[in-house]
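Participant: requesting a structural model of the entry that follows:
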Amino acid sequence: MKHLLLPMLLAVMLPVTVSAQDDGSQPPAEQETEITPESGNSETATSKNDETETGSGDQDFQKSAEEATAKAKELAGEAADKAADIAVKIDQNEAAQEAAAGILQPIYIAAETLAFPAFYWLAFALMAAGTVNFAFQLVIGKLAVLARGSINLKEILSDSVGLVISVIGLVLTTQAATENSTFTQSAALVLSSTAAGAVLGLFLYRWGQALEVDAVTGQKKSRKK
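Facilitator: Modelled structure (predicted):
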């Protein structure tokens, strides 16, 4: 009996041992980490929100600029219409017409009286002198003052206005001389008037520059005291 039980016990225990050895020999299964899309989705959503906010801000700014431009054009149009209406009313007003005639009539009389080449020679020379003077004052004169460590914006504005007036006067003088005299038909008169104006303009420029430099020097001396 004992001889029968021993082989049976060995037969039962042997598969259990082999099974346990097989289980122990196999390496543990690697844990697979699941990559959830929550983190990636959150970053993508944040970037998209930032881009959306930036785009909406640019659109709002562009819209505001367009509205401001349209408003400015509308106001300019309204102002132009009002100015045109006022001009029409003034033109139709008899008192305004009489006032305008009173201003222009003496000028017409003087222009008819002085419509000879010598007058336009003198006028052309004076306008050329003013153009040369203020042009040099704005460029070389202001550089000379700036080299002494000073600059005067009022003088720059004054010289700019003087230059504009001189150029306009030169153009109008030439136009009037062409219509009312033979000044522009004589090369000798035109060249001599231009030369005289250039010389006078250079003299005025030197004089004005000296005055400005003296003024700057006097200001520096007064500050040192």
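
Participant: so is Gly149 in a helix, a strand, or just coil?
Facilitator: coil (DSSP: H, G, I helix; E, B strand; the rest coil).

Participant: meant to ask about Glu179, not that
Facilitator: Glu179 ends up helix, using three-state DSSP.

Participant: what pLDDT is listed against it?
Facilitator: On pLDDT, Glu179 comes in at 90.

Participant: also Ala20?
Facilitator: 42.

Participant: any regions of this structure where pLDDT drops low?
Facilitator: 1-57, 220-221, 223-225 (pLDDT under 70).

Participant: how about the contacts made by Thr131?
Facilitator: Taking Cβ atoms under 8 Å, 6 or more residues apart in numbering, we find Thr131 in contact with 163, 166-167, 170, 197, 201. C-beta coordinates here come from the backbone N, C-alpha and C atoms, glycine included.

Participant: closest one of those residues to Leu126?
Facilitator: Gly197 (6.7 Å; Cβ to Cβ).

Participant: what helix or strand does the spatially closest residue to the closest one that is not a sequence neighbour sit in?
Facilitator: Take Gly197 and drop its neighbours on the chain: the residue closest to it by Cβ to Cβ, 6 or more residues apart in numbering is Ala128, 2.8 Å away. Using DSSP states H and E, Ala128 sits in helix 117-136.

Participant: how far away is the residue nearest to Gly197 from Ile140?
Facilitator: Distance, Ala128 to Ile140, by Cβ to Cβ, to the nearest Å: 18 Å.

Participant: out of these two, which sits in the busier spot?
Facilitator: Neighbour count, other Cβ atoms under 10 Å: between Ala128 and Ile140, Ala128 has more, with 23 against 12.

Participant: now Thr69: phi and psi?
Facilitator: Dihedral angles of Thr69 (phi, psi; degrees, to the nearest 10) stand at phi -60, psi -40.

Participant: now do it against Glu78, distance only.
Facilitator: Going from Thr69 to Glu78 by Cβ to Cβ gives 15 Å.
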